[in-house]
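Peer 1: I need the structure of the sequence given here:
(4 chains)
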Protein chains: 2
Amino acid sequence: MIARRDPEATRKAILDAAEEVFLDRGVADATTSEIARMAGVTKSLIHHHFGSKDALWREVKLRRFREYGDAQRTMLEESEGPPGEQLLRDSMEMYFRFLQANPEMVRLLAWMYLEDDSDCGDLDRDLTELGVDRIRQSQTEGRFRDDIDPHHILLAFLALTQHWFHFRDPFLEDTGLVGPRSELDEQFLDTLLKIFFEGILPRGNA
Amino acid sequence: MIARRDPEATRKAILDAAEEVFLDRGVADATTSEIARMAGVTKSLIHHHFGSKDALWREVKLRRFREYGDAQRTMLEESEGPPGEQLLRDSMEMYFRFLQANPEMVRLLAWMYLEDDSDCGDLDRDLTELGVDRIRQSQTEGRFRDDIDPHHILLAFLALTQHWFHFRDPFLEDTGLVGPRSELDEQFLDTLLKIFFEGILPRGNA
DNA sequence: TCCTTAACTGGCCGGCCGGTCAATTATGCC
DNA sequence: GGCATAATTGACCGGCCGGCCAGTTAAGGA
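Peer 2: Just a heads-up that it's a prediction; the model follows:
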């Protein structure tokens, strides 16, 4: 039974609708009327619960980002033990899987970049630290080459994964590669790990 | 001396202003009045020369994309001879330099992705083909490992470079890395080449 | 020189958007 | 059962935006 008045559910409905519209068309192009219609509420109710369009956008971002941060943190902490090649391979695959399952996150990051957003800066900073520490540890243990700044390794890691989900579709159109998308994802994941860990030169002639 | 009427110059002024405003705030958030003001013309003149706001945005994209395509093509054709590691290293560096000198291109690509644009699909397709052919040739000559789809190599190449310019600034803030930006660019270029060609594992234990 | 063409202007309009407000109705606490 | 509180509604507003139009002025070929 649905309560006739359920503010918590209403907030959620609004946030869900807002996320969909905002991520699809951008904040500027989205209208509160449309969000209200999609959420099945009145426009005024949005202002009642969130104050303004911008504040609503902010809430949408924070919600997703918290979820994202939690997933990442769980990922890193779940996989305890000495970080080595296998662990980082697993982390990379887990990150890949996460974006695969949450394509909205990719669009969210893109929008935030374009409006150079800093609302979620703190959340992001912590995450970065965690990842960098892991990599640095691997370096001191001699498992990774230590002539590269660990921050750069992390950035490359994120770049390869995010970029795939960013440009996968137009890229596939351009190249004429065909097949079920999930299979193409697997193929790229394989490539990604090969390049990231081993590079594109044949082994044995370095 | 400026001619009192110079339609060509006017078109350019409008395009320049439009590019700045569009790339800065996005199409939806940009207003024709602002573009007109910045270009020093009347709003009506924009419609006279370009028809509509969307058509203007389209022209902006095409102009930049043609320039981008020309630069890329020149890059690839200028460096004739058998493609090998050094050539691809050079190509990669040239691409890095290009984005370094044209940060607008990075934002343009981001906007186009978010509104899943297809206006410049043809231009992009040709470019992709050229790059892929080069890589494939290197593979058949045994200079690159051939167990990776050349399309994926190209994507990784673009990912690492574009991502740096995408997220350089927020990334630097998060990590607390400091120094003149040009120097940080050099450092990352170094990293990028190392990772892309050799991977992050220490050599000799593959 | 004249006349067609096109560059250019200022004023205007319909429409929609974000936001407000006063009124109504359900909720939960005492 | 009342009563404060908050959820919810629909009507409404000022403002701005993209686009249009009627008119003016320069350019350039015949």
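
Peer 1: for DNA strand D, what are the nearby residues on chain A?
Peer 2: A:5-7, A:10, A:41-45, A:48-49 (Cβ under 7 Å from any atom of the strand). For glycine as for every other residue, the C-beta is placed from the backbone atoms N, C-alpha and C.

Peer 1: Go through the residues you listed and name the one nearest residue B:102.
Peer 2: Checking the residues of chain A next to DNA strand D against residue B:102 by Cβ to Cβ gives residue A:43 as the nearest, at 41.7 Å.

Peer 1: Can you name the residues that contact the nearest residue to the closest one once chain neighbours are set aside?
Peer 2: What sits nearest to residue A:43 in space, not counting adjacent residues and going by Cβ to Cβ, 6 or more residues apart in numbering or on different chains, is residue A:36, at 4.3 Å. With contact set as Cβ atoms under 8 Å, 6 or more residues apart in numbering or on different chains, residue A:36 has these partners: A:14, A:17, A:42-43, A:45-46.

Peer 1: now, which of those lie within strands?
Peer 2: Assignment to strands by DSSP state E places none of the contacts of residue A:36 there.

Peer 1: Check which helices and strands the host helix or strand of residue A:62 sits against.
Peer 2: Element membership of residue A:62, judged by DSSP states H and E, is helix A:53-78. Helices and strands touching helix A:53-78, as assessed by 3 or more Cβ pairs under 8 Å, 6 or more residues apart in numbering or on different chains; DSSP states H and E, comprise helix A:7-25, helix A:32-39, helix A:43-50, helix A:85-101, helix A:103-114, helix A:121-140.

Peer 1: tell me the domain ranges of chain A?
Peer 2: Taking automatic domain parsing as the reference, chain A has its domains at A:1-51, A:62-198.

Peer 1: Distance to residue B:66 and mean pLDDT for those domains - can I get that in CSV?
Peer 2: Output for these, formatted as CSV (distance: least, Cβ to Cβ, whole Å; pLDDT from 0 to 100):
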stretch, distance to residue B:66, mean pLDDT
domain A:1-51, 26, 94
domain A:62-198, 17, 87
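
Peer 1: Now tabulate these in JSON lines and tack on distance to residue B:153.
Peer 2: What follows is the domains of chain A, written out as JSON lines (distance: least, Cβ to Cβ, whole Å):
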{"stretch": "domain A:1-51", "distance to residue B:153": "30"}
{"stretch": "domain A:62-198", "distance to residue B:153": "7"}
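
Peer 1: With residue B:175 as the reference, name the closest of the ones you listed.
Peer 2: Set against residue B:175 and scored by Cβ to Cβ, the domains of chain A come closest in domain A:62-198, at 4.7 Å.

Peer 1: what distance separates the closest one from the centre of its chain?
Peer 2: Averaging C-alpha coordinates over domain A:62-198 and over its chain gives two centres that are 8 Å apart (Cα atoms, centre = their mean, to the nearest Å).

Peer 1: next one: stretch A:27-35
Peer 2: Centre to centre, stretch against its chain (Cα atoms, centre = their mean), the figure for stretch A:27-35 is 23 Å.

Peer 1: Distance of the residue nearest the centre of chain A relative to residue A:71?
Peer 2: For chain A, the residue lying nearest the average C-alpha position, counting by Cα atoms, centre = their mean, turns out to be residue A:105 (4.1 Å). Here the criterion is Cβ to Cβ, to the nearest Å. By it, residue A:105 lies 9 Å from residue A:71.

Peer 1: Show the backbone phi and psi for residue A:148.
Peer 2: Geometry field for residue A:148 lists phi and psi as phi -130, psi 140, criterion degrees, to the nearest 10.

Peer 1: scratch that, residue A:176
Peer 2: Here is the backbone geometry of residue A:176 (degrees, to the nearest 10): phi 80, psi 10.

Peer 1: how far away is it from chain B?
Peer 2: Look at residue A:176 and chain B: by Cβ to the nearest Cβ, to the nearest Å, they are 9 Å apart.

Peer 1: Run a quick neighbour tally on that residue.
Peer 2: Other residues within reach of residue A:176, judged by other Cβ atoms under 10 Å in any protein chain shown, total 10.

Peer 1: Residue A:53 too?
Peer 2: If you count neighbours by other Cβ under 10 Å, residue A:53 ends up with 18.

Peer 1: can you pull the contacts of the nearest residue to it once chain neighbours are set aside?
Peer 2: Distances taken as Cβ to Cβ, 6+ apart place residue A:32 nearest to residue A:53, at 5.5 Å, with adjacent residues excluded. Residues near residue A:32 by Cβ under 8 Å, 6+ apart: A:43, A:46-47, A:53, A:56.

Peer 1: now swap in residue A:171 and tell me
Peer 2: Counting by Cβ under 8 Å, 6+ apart, residue A:171 touches B:128, B:151, B:155.

Peer 1: ok, now which ones touch the second one?
Peer 2: Just to be clear, that refers to residue B:151. Residues touching residue B:151, when contacts are defined by Cβ under 8 Å, 6+ apart, comprise A:171, A:175, A:177, B:128, B:132.

Peer 1: Using the three-state scheme, assign residue A:119.
Peer 2: Put simply, residue A:119 is coil when judged by DSSP: H, G, I helix; E, B strand; the rest coil.

Peer 1: got a list of what it touches?
Peer 2: Taking Cβ under 8 Å, 6+ apart, we find residue A:119 in contact with A:58, A:61-62, A:112.
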